[in-house]
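**Student:** could you work out the structure for the sequence below:
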Amino acid sequence: MANLVILSPAAKYLKKLKDKQLKKLYRDAIDEICADPSVGVAKHGDLEGVLGYDIYYNKINYELAYTVEEKVIEGTDETETIVVIMAGTRENFYDQLKRYWT
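**Tutor:** Got it, this is the predicted structure:
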């Protein structure tokens, strides 16, 4: 299992979620990403190096953007760190992500 870091845009969005089932879907998605970081779809262009994970709930497409950083952390056997950059609905998601990440 990889180490996990959640940046403030994702943390704020996840904290504000009221729907418990949607929150659980995000939690399950993060667990799945930690177990297998290659499960997401690689983005191109300005967002090269960022992976996206889709969540469908109540006919709405939600997104989770993350990166995988390879580095050795002293005192552990882990070499991968999953950095969750942003979470939210699909509408304007990648425009906001580009403004934040690039």
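**Student:** biggest helix in this protein by residues?
**Tutor:** Secondary structure of the chain per DSSP state H: the longest helix is helix 20-35.
**Student:** buried residues in that helix?
**Tutor:** Across helix 20-35, burial judged by 16 or more other C-beta atoms under 10 Å covers 22, 25-26, 29-30, 33-34. (C-beta placed from N, C-alpha, C; glycine too.)
**Student:** centre of the chain to it, how far?
**Tutor:** 10 Å (C-alpha atoms, centre = their mean, to the nearest Å).
**Student:** name the residues that touch that helix?
**Tutor:** Residues from elsewhere that reach helix 20-35 (C-beta atoms under 8 Å, 6 or more residues apart in numbering): 1-2, 4, 14, 17, 39-40, 53, 55, 57-58, 62, 64, 66, 82, 84, 87.
**Student:** could you look up the SS state of residue 61?
**Tutor:** With DSSP: H, G, I helix; E, B strand; the rest coil as the basis, residue 61 sits in strand.
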